[in-house]
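Asker: next come a sequence and a model predicted from it.
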Amino acid sequence: MPPRLIVTSSRHVNARVRSLVKELARVIPGAIKLNRGKLSIEELFSLAKGLGAKRVVIVCRGLMGNPGRIIFLDTSEEEVSFYPLILRILGVKLAREHGVKATRPRGLVVVPGNLDDEVVQLSQELASVLCLNCIELPLEELSSIQAHYGGALLVERRGGKAFVLRFINTSDLKPIGPRLTVGNVVYRRLRYEEVVTRTGTDRKGD
């Protein structure tokens, strides 16, 4: 079965970004990790289409080498295209820093932590871009779906415009993957030129 998602990074990243890539690929069903190496955006896009993957999750380096944002290549188009969702990352707590190993659950579902319109919108967009289902269900009732979904990506508000994304076990709500604090969400389709300008190293042959 072809992968639904490829998880990789921008170029010239450090160990922390690579660790987040590894944990995301482990916890999201249908995902595989790809070492970026010298692949350009065009080559990454072509490789993903050749493998039958629907999206490419790209973790980009930010300040001090920490993960700075996550963007998504959309392979449903014939030309290089990005899904209209940009996550600006404020902080990451890896699964290993929770004292657990990132584990792929028996099914993963996206769950909004409350019915705040922005939380629901982000939950639905994450479900779409990650090829998952989204279910509005109170936390205390998550155990009722564990037969089908062993894990949940819980989307919660963290004051102001920030959100927290947590990968948790539906049976006991304990972490099974990283926790991401998202400072800003942009629902806009990136242009290829913007990605090249921001990374500075994504042109073919660089």
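Answerer: Okay, I see it. Bear in mind the structure is a predicted one, so any value in this text is a computation, not a measurement.
Asker: tell me which stretches of the protein form strands.
Answerer: Secondary structure of the chain, counting by DSSP state E: strands at 5-9, 31-33, 55-61, 67-74, 86-93, 108-112, 133-134, 151-157, 163-169, 175-186.
Asker: so which of these is nearest Lys101?
Answerer: With distances scored as CB to CB, the stretch of the strands of the chain nearest to Lys101 is strand 175-186 (8.7 Å). (Glycine included, C-beta is placed from N, CA and C.)
Asker: how far is the closest one from where the chain is centred?
Answerer: In this view, strand 175-186 has its centroid 8 Å away from the chain centroid, taken as CA atoms, centre = their mean, to the nearest Å.
Asker: could you pull up the mean pLDDT of that strand?
Answerer: When pLDDT is averaged over strand 175-186, the result is 96.
Asker: cool, stretch 100-120 as well?
Answerer: Summarised as a single mean, pLDDT over stretch 100-120 is 94.
Asker: straight-line length of that stretch, end to end?
Answerer: 28 Å (CA to CA, to the nearest Å).
Asker: cool, stretch 128-138 as well?
Answerer: In terms of CA to CA, the two terminal residues of stretch 128-138 are separated by 21 Å.
Asker: re the thing from before, wait, which of the strands of the chain is closest to Val100?
Answerer: Taking the strands of the chain one by one with CB to CB, strand 175-186 is closest: 5.7 Å.
Asker: which strands border that closest one, and is each parallel or antiparallel?
Answerer: Sheet pairing here is set by DSSP bridges, and for strand 175-186 it gives strand 86-93 (antiparallel), strand 163-169 (antiparallel).
Asker: can you say which of the ones you listed is packed in most?
Answerer: Stretch with highest mean neighbour count among the strands paired with strand 175-186: strand 163-169 (a mean of 22; mean count of other CB atoms under 10 Å).
Asker: could you give the mean pLDDT of that strand?
Answerer: Averaging pLDDT residue by residue across strand 163-169 gives 97.
Asker: distance from the chain centre to that strand, please.
Answerer: 11 Å.
Asker: contacts made by that strand with the rest, please.
Answerer: Around strand 163-169, the neighbours that count as contacts under CB atoms under 8 Å, 6 or more residues apart in numbering are 27, 95, 102, 105, 108, 119, 122, 126, 150-158, 174-182, 185.
Asker: do stretch 10-29 as well
Answerer: 4-5, 7-9, 31-33, 36, 38, 57-61, 65-67, 92, 94-96, 102-105, 107-108, 130, 132, 151, 167, 176-178, 199, 201-202.
Asker: pLDDT wise, what is Lys204 at?
Answerer: The predicted structure scores Lys204 at 39 on the pLDDT scale.
Asker: quick one: low-confidence parts of the protein?
Answerer: Residues of the chain meeting the criterion pLDDT under 70: 197-206.
Asker: okay, now the domains of it?
Answerer: The record's domain parsing of the chain by automatic domain parsing lists 5-88+186-199, 108-184.
Asker: now do the same end-to-end measure for the shortest one.
Answerer: Going back to what we said before, that points to domain 108-184. Counting by CA to CA, you get 24 Å between the two ends of domain 108-184.
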